[in-house]
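>>> Next one to model:
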Amino acid sequence: MLTLDRLRTLQAVAAHSSVSKAAVVLHLTPSAVSQHLRKLEQETGHQLVTRTGRGIRLTPTAELLVDRARQILALVNETEAELQSFNDHPVGQLTLGAFPTAARGVIPGALRILAERAPQLKVIVRELDHESPRTQVECGELDVGIVQDWEHMPISWTASVAKRLLMEDTARVAMPADHPLAKSPVVHSSELLGAPWISRSQRSTCHAWLMHTMREHGAEPRIAHMVSEHPTQLALVSAGVGLAMVPSLGLGQLAPGVVTRPVEPALTRRIYAVWQPEVVRPSVRAVVEALAETAAGLPV
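Numbers count the residues shown, from 1 in each chain. You can find the predicted model right below:
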């Protein structure tokens, strides 16, 4: 018998063209995802995936099943929304996904608001670094996602998600307090040529901006260190071993001896809440309102 969990698994595999990537977004092991696929093949009597090197390809039968899964899961979401509308307050369970700085800077305040206004609503938070919350919202793996839209790497928005602007955030260059540029009100990117940098991974937006901007000036960035967490970047800046580009939302409490300055040209992002637009549950509305209220009060 077809189950919702197995249909969601197939939908995730179709979206990511990978068992391992689907496992990450579903918070399952790859073997569990493979087991769901085998069960579906047994229940349908058809092969659903074929191996293509390191990836997989869906068979025509699987493509049909994925299309039906979208319709079935959309109907389930619609039914849940209609049932929730009979309650005076948001109830049930909701999954909320965000990139790390939003998970740290926005979500805690929203959860405090929801604890007072919607005590019967259980919110499950998922921090996503390199996976896009928007993709997971589109697939039904998240109910609400917090998405970053950088000016130099804009999102191609489609009708598959509804969105609400929460805030704008601009990255700043972090440097030791005794750096020659530390007293400048604004630092131009051309003044940073040749500086050693403490960067995030090559898949991060700040790293991409750094590489692109320095190369526009005919210089190859000197990446001295690569670390994942902004607090670690700032600690290394405090040690005097390099500079770092850090979004204002990710600055937190600055390490001793560290100052930040705005950079020209600016590195700016818009931060949105996104959700499936077909039917909006009261719980989704409550979470989006709490996120917007929290973001509006942030000093960025």
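
>>> going forward, measure contacts and count neighbours with C-alpha atoms only.
Will do.

>>> V186: what's its closest spatial neighbour, skipping adjacent residues?
Take V186 and drop its neighbours on the chain: the residue closest to it by CA to CA, 6 or more residues apart in numbering is P262, 5.2 Å away.

>>> Who does the one you found form a beta bridge with?
For P262, the beta-bridge partners under DSSP bridges are R172.

>>> neighbours of it, just the number please.
The number of residues packed near P262 is 19, by other CA atoms under 10 Å.

>>> Then H212 would be within a strand, right?
No: applying DSSP: H, G, I helix; E, B strand; the rest coil, one finds H212 to be helix, outside a strand.

>>> Contact partners for it?
Residues counted as contacts of H212 (CA atoms under 8 Å, 6 or more residues apart in numbering): none.

>>> ok, back up a step: my read is that the residue nearest to V186 contacts S184, right?
No: at 9.4 Å, P262 does not count as touching S184 under the criterion of CA atoms under 8 Å.

>>> State the pLDDT value of L254.
Per-residue confidence at L254 stands at 88 (pLDDT).

>>> On the three-state scheme, it is what?
Using three-state DSSP, the structure places L254 in coil.

>>> so where does the residue lying closest to it once chain neighbours are set aside fall, helix or strand?
What sits nearest to L254 in space, not counting adjacent residues and going by CA to CA, 6+ apart, is L234, at 7.0 Å. Here L234, judged by DSSP states H and E, is contained in helix 230-238.

>>> Next one: the residue nearest to V186 from A174, what distance?
If you measure P262 against A174 using CA to CA, to the nearest Å, the figure is 9 Å.

>>> for L181, same thing?
L181 sits 11 Å away from A174, going by CA to CA.

>>> out of these two, which sits in the busier spot?
Set L181 next to A174 and count neighbours by other CA under 10 Å: A174 wins out with 25 against 16.

>>> hang on, the more buried one in a strand?
Yes: A174: assigned to a strand according to three-state DSSP.

>>> quick one, what contacts it?
Applying CA under 8 Å, 6+ apart to A174 gives the contacts L234, V237, L243, A244, M245, V246, V258, V259, T260, R261.

>>> Centroid-nearest residue for this protein?
In the chain, the residue lying closest to the centroid (CA atoms, centre = their mean) is F99, at 3.5 Å.

>>> contacting residues around that one?
Shown in contact with F99 (CA under 8 Å, 6+ apart): E127, L128, D129, H130, P133, I146, V147, Q148.

>>> can you rerun that using 10 Å?
F99 is in contact with R126, E127, L128, D129, H130, E131, S132, P133, G145, I146, V147, Q148, counting by CA atoms under 10 Å, 6 or more residues apart in numbering.

>>> The first one touches L142, doesn't it?
Yes: the pair R126 and L142 passes the contact test of CA atoms under 10 Å, sitting 8.8 Å apart.

>>> so what secondary structure elements neighbour the helix of greatest length in the chain?
Across the chain, the longest stretch assigned as helix under DSSP state H is helix 60-84. Contacts defined by 3 or more CA pairs under 10 Å, 6 or more residues apart in numbering; DSSP states H and E place helix 60-84 against helix 4-16, helix 30-44, strand 49-52, strand 55-58, helix 282-296.

>>> Show me the contact partners of that helix.
Applying CA under 10 Å, 6+ apart, the set of residues contacting helix 60-84 from outside is 4, 6-15, 40-41, 44, 46-49, 57-59, 85, 90-92, 138-140, 143, 276, 278-284.

>>> Likewise for stretch 103-116?
By CA under 10 Å, 6+ apart, the residues outside stretch 103-116 that reach it are 90, 96-98, 100-102, 117-123, 125-128, 146, 166, 248-252, 283, 286-298.

>>> change it to 8 Å
Against stretch 103-116 from outside (CA under 8 Å, 6+ apart): 97, 121, 123, 127, 249-250, 286-287, 290-291, 293-295.

>>> again, but for stretch 122-141
8, 11-12, 15, 25-26, 70, 73, 91-100, 103, 111, 142-147, 160-161, 203-204, 274-276.

>>> Which members of those are positioned in helices?
By the criterion of DSSP H, membership of those in helices covers R8, Q11, A12, A15, V25, L26, R70, L73, P100, A103, L111.

>>> now E216: how far from W209?
From E216 over to W209 the distance is 10 Å, taken as CA to CA.

>>> higher neighbour count, these two?
W209 (16 against 12).

>>> Contacts only, for the more buried one.
Contact analysis of W209 by CA under 8 Å, 6+ apart lists H152, L267.

>>> Next: the one 5 residues further on.
By CA under 8 Å, 6+ apart, the contact set of M214 is S189, S190, L193, E220, P221.

>>> Give me the ChimeraX select line for those residues, limited to the buried ones.
Those of the contacts of M214 that count as buried under 16 or more other CA atoms under 10 Å are selected in ChimeraX with:
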select :189,190,193,221
